[in-house]
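[1] compute the structure for the input listed below.
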Amino acid sequence: MTFGTILRKNREKKRLSQKEVAEHIGIAQATYHNWETEQSSFRVEYLPKLAEVFDVAMGDLMPEGTTLKLMNNQHQKNHDRSVVGFDVTINESRELYTELVNSKDEIIRLLKEENTLLKVRNAQLDENQKRDA
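    Numbers count the residues shown, from 1 in each chain. Presented below is the predicted three-dimensional model:
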């Protein structure tokens, strides 16, 4: 699926017009139309705004296999150094997300197990303390 198709489907899902989306992100309706129809390339700076309007992750707006490259460009006027350079394909980021969720679940399971063991150990210590008293 192309970027334009992804934009159109997300816009239609939210039941928004091209004009409404364009107004939300601060561009002309014609510019947004050109993105949807693949007549011009979009500027990556609008990706967060588009994701917000459509209530999706930025990666969900990119075609599968697309590589995102965000670099800390010191020649930018605002000198924003908050973005560290990385190069991750959308597929890789989805795999990383899945791996993180699975890791989180495993950590929760292990912590619950440890909590149970600590409760048992605490009960044993209480018993020993009562017996010794």
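[2] helices of this structure, residue ranges please.
    Applying DSSP state H to the chain gives helices spanning 3-13, 18-25, 29-36, 47-54, 90-132.
[3] could the ones you listed be laid out in JSON lines, adding distance to residue 63 and mean neighbour count?
    For glycine as for every other residue, the C-beta is placed from the backbone atoms N, C-alpha and C. Converted to JSON lines, the helices of the chain look like this (distance: least, Cβ to Cβ, whole Å; neighbours: other Cβ atoms under 10 Å):
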{"stretch": "helix 3-13", "distance to residue 63": "6", "mean neighbour count": "16"}
{"stretch": "helix 18-25", "distance to residue 63": "18", "mean neighbour count": "17"}
{"stretch": "helix 29-36", "distance to residue 63": "13", "mean neighbour count": "17"}
{"stretch": "helix 47-54", "distance to residue 63": "13", "mean neighbour count": "16"}
{"stretch": "helix 90-132", "distance to residue 63": "8", "mean neighbour count": "10"}
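[4] okay, those helices in a markdown table with mean pLDDT next?
    Compiled in a markdown table, these are given as follows (pLDDT from 0 to 100):
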| stretch | mean pLDDT |
| --- | --- |
| helix 3-13 | 94 |
| helix 18-25 | 96 |
| helix 29-36 | 94 |
| helix 47-54 | 92 |
| helix 90-132 | 86 |
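[5] can you redo those as CSV with distance to residue 62?
    Supplementary listing: the helices of the chain in CSV, determined by distance: least, Cβ to Cβ, whole Å:
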stretch, distance to residue 62
helix 3-13, 7
helix 18-25, 16
helix 29-36, 13
helix 47-54, 8
helix 90-132, 5
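[6] of those helices, which is nearest residue 64?
    With Cβ to Cβ, the closest approach to residue 64 among those belongs to helix 90-132: 6.0 Å.
[7] related to what we said a few turns ago, nearest to residue 65, of the helices of the chain?
    helix 90-132 (6.2 Å).
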